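A.B. asks: give me a model of this one.
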Amino acid sequence: MSHSHHHHHHDMKGKNMLIAVILNVVITVSQVIGGLISGSLSLLSDALHNFSDVLSLLISFFANRLVKRKASSRRTFGYKRAEIIAAFVNASTLLIVAAYLIYEAIVRFIYPQPIESGLVIWLAAIAIIANGISVLLLKSGSDHNMNIRSAYLHLMSDMLASVAVLVGGLLMRYFGWFWVDSVLTVCIAVYLIVVGYDLLKDSFKVLMLFTPEDVDLNHIRQELTILEEVDNVHHVHVWQLNEQEVHLEAHIEFNKDISLSQFDLIMVEIERVLDEKFGINHVNIQPEYQRDDPKDIIVQD
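C.D. replies: Purely as a prediction, here's the structure:
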């Protein structure tokens, strides 16, 4: 039952992303045409930002599809890492877009240009509505999925950029303050750098097989050596495969020469402790008895 619910949730995420892609393609094309007609650099830079959204959504959409593919003898983990890679790529593009927006804003600040503000205002308003719909479509999935969160952040930042373009358009129209657009663009770019860096860092840690932040290896050792038959826990590796799966592999030194059936019973208890106290749901243990090997918790392979 839970499997079919999970499958349905994946399908909903995929459909929502596809709708968001279509909306953003429409916005991008409109803004490119509008930017060329009005001579507005802000619209063209927003169109570039939107185009990066389209790419990030497509990456997220295909990663979401890949995750559902079954494991095989050549790909024993299937494509479970696809969404983490997508998040890493999307976070990287957020930082690149932010740097480009800052550059554009500085150039525009030095060389302000008169702009056809009416067209800018209308297209910015349309972009806010379309991006707002896209943001709402992806909001629910963004809390529990790094890939969806990366696409969601792209869209949220683009909605804010469109708000800045709208405000800039209104101020240009009624006050002739062309410099406002540059200031707002820099503010949005700084926001992009902050959220993009956090996401880049989180996805990088998963890809590098770093131990999750909330897992303490010494605490794991303490909890497992409480078990009567366990003498020592060493050569430990803990990593995230994706956001749902945390894996542990370790060597466990037993104080008796136990049978396989006894080991199976102890394993049930080890798996329970690791799951309940540390959120580790995939466990691979190498049992040992009086084996002469390093007993350090971390052993360089």
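A.B. asks: so, low pLDDT: which residues of the stretch 151-300 of the chain?
C.D. replies: Applying pLDDT under 70 to the predicted model, the stretch 151-300 of the chain contains no residue that meets it.
A.B. asks: tell me where it has strands.
C.D. replies: Counting by DSSP state E, counting those that start in this stretch, the stretch 151-300 of the chain has strands at residues 230-240, 246-254, 282-288.
A.B. asks: spit out the contact partners of R291.
C.D. replies: When the contact criterion is C-beta atoms under 8 Å, 6 or more residues apart in numbering, the partners of R291 are E253. C-beta coordinates here come from the backbone N, C-alpha and C atoms, glycine included.
A.B. asks: between the strands of the stretch 151-300 of the chain, which one is closest to Y197.
C.D. replies: Shortest distance between Y197 and the strands of the stretch 151-300 of the chain, using C-beta to C-beta, is found for strand 230-240: 19.4 Å.
A.B. asks: which other residues reach the closest one?
C.D. replies: Here strand 230-240 has contacts from 206, 209-212, 215, 217, 220-221, 224-225, 246-255, 266, 280, 286, 293-299, using C-beta under 8 Å, 6+ apart.
A.B. asks: ok and that strand relative to strand 282-288, angle-wise?
C.D. replies: Computed by axes from the mean of the first three to the mean of the last three C-alpha atoms, to 10 degrees, the angle separating strand 230-240 from strand 282-288 equals 150 degrees.
A.B. asks: list the buried residues of strand 230-240.
C.D. replies: Applying a neighbour-count criterion of 16 or more other C-beta atoms under 10 Å, one finds V230, V233, H234, H235, V236, V238, W239, Q240 buried in strand 230-240.
A.B. asks: do the same with stretch 202-211
C.D. replies: For stretch 202-211, the neighbour count (16+ other C-beta under 10 Å) marks D202, S203, K205, V206, T211 as buried.
A.B. asks: ok, now how distant is the first one from G78?
C.D. replies: If I follow you right, that is D202. Noted for D202: a distance of 22 Å to G78, by C-beta to C-beta, to the nearest Å.
A.B. asks: helices of the protein, start to end?
C.D. replies: Here the chain has its helices, by DSSP state H, at 2-38, 41-67, 82-110, 117-142, 146-175, 179-207, 217-225, 260-278.
A.B. asks: make CSV from the ones you listed and add distance to S73 to it.
C.D. replies: Rendered in CSV, the data for those read as follows (distance: least, C-beta to C-beta, whole Å):
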stretch, distance to S73
helix 2-38, 22
helix 41-67, 18
helix 82-110, 19
helix 117-142, 31
helix 146-175, 26
helix 179-207, 24
helix 217-225, 32
helix 260-278, 26
